[in-house]
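K.L.:
I'll drop the sequence and a predicted model, then ask my questions.
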Amino acid sequence: GRGVPAGGQGEARGGQNDSGKAQAGPRTTEGAQADEIDALRNMRDQGEEDLFIDNFDYGNVLHTYQPEKEGKDRSATVDGNGKLYMKEMIDEARKNGSHYENYLSKDKDGSFKDKVSYVQAFEPWKWTIASGVLMTNVQAIFMQAALTSATITIAAMLVLLGLGVWIARSISKPIAALNV
């Protein structure tokens, strides 16, 4: 079954990774990290939401939306209000295990937009793994859901109104016939 390999407590064994390439011998931490980075880079196809990994020393390891940030020190990265949001995000995740960070993100067109990111510390590799979403995207999704709900509610009300009229007529016609 799944779980701990037969050789020990979580010991890495050679085998097949997701791309089907054979590995010889035990996996190194660096090899496992490289495999994870490749897998995360390849799964990003969801629009402008981003996934990024920074190490505990504020160096960017992976950024799916802005790969030009990879390898750069982000300790002095500020948002539209001058807040050291990356330093705060990484420090809070290291201290508490995870953290939500709200900040003004500069878009590729140069405008600033409200954004929220969730960051999770991964202590064994001294990484923080984060994903962010623009609040305008969240608001658009919410408005679409509200519009869909309103449409369904109005349609249900019209069906119930029609059913009520039909029931009222089916009762009132026989009563009216008795009064004639």
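P.N.:
Yes, it's here. Numbers count the residues shown, from 1 in each chain.

K.L.:
quick one, what contacts the most centrally placed residue in the chain?
P.N.:
Nearest to the centroid of the C-alpha atoms of the chain, with distances taken as C-alpha atoms, centre = their mean, sits residue 131, at 5.6 Å. Shown in contact with residue 131 (C-beta atoms under 8 Å, 6 or more residues apart in numbering): 49, 50, 51, 52, 117, 118. Backbone N, C-alpha and C define where each C-beta goes, glycine included.

K.L.:
Ramachandran angles for it?
P.N.:
Backbone torsions for residue 131, taken as degrees, to the nearest 10, come to phi -140, psi 140.

K.L.:
and if you look at residue 129?
P.N.:
Note on residue 129: backbone dihedrals following degrees, to the nearest 10 are phi -110, psi 120.

K.L.:
shouldn't it be in contact with residue 53?
P.N.:
Yes - under the contact definition of C-beta atoms under 8 Å, residue 129 touches residue 53, with a separation of 5.2 Å.

K.L.:
so can I have a markdown table of the contacts of residue 131 showing secondary structure and neighbour count?
P.N.:
Formatted as a markdown table, these follow (DSSP: H, G, I helix; E, B strand; the rest coil; neighbours: other C-beta atoms under 10 Å):
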| residue | secondary structure | neighbour count |
| --- | --- | --- |
| 49 | coil | 15 |
| 50 | strand | 21 |
| 51 | strand | 18 |
| 52 | strand | 25 |
| 117 | strand | 21 |
| 118 | strand | 15 |
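
K.L.:
In the host helix or strand of residue 35, which residues are buried?
P.N.:
Assessed by DSSP states H and E, residue 35 sits inside helix 29-43. Residues of helix 29-43 classed as buried by neighbour count (16 or more other C-beta atoms under 10 Å): 33, 35, 36, 40.

K.L.:
Quick one: list the elements packing against it.
P.N.:
The criterion is 3 or more C-beta pairs under 8 Å, 6 or more residues apart in numbering; DSSP states H and E, and the helices and strands that helix 29-43 contacts are strand 50-55, strand 60-63.

K.L.:
Relative to residue 65, how far out is the residue nearest to the centre of the chain?
P.N.:
Separation of residue 131 from residue 65 (C-beta to C-beta, to the nearest Å) stands at 10 Å.

K.L.:
And for residue 124?
P.N.:
Relative to residue 65, residue 124 is positioned 26 Å away (criterion: C-beta to C-beta).

K.L.:
neighbour-wise, which of the two wins?
P.N.:
Neighbour comparison, residue 124 and residue 65: the larger count goes to residue 65, with 15 against 8 (by other C-beta atoms under 10 Å).

K.L.:
thinking that one is in contact with residue 106, fair?
P.N.:
No - with contact taken as C-beta under 8 Å, residue 65 and residue 106 are classed as non-touching, separated by 11.9 Å.
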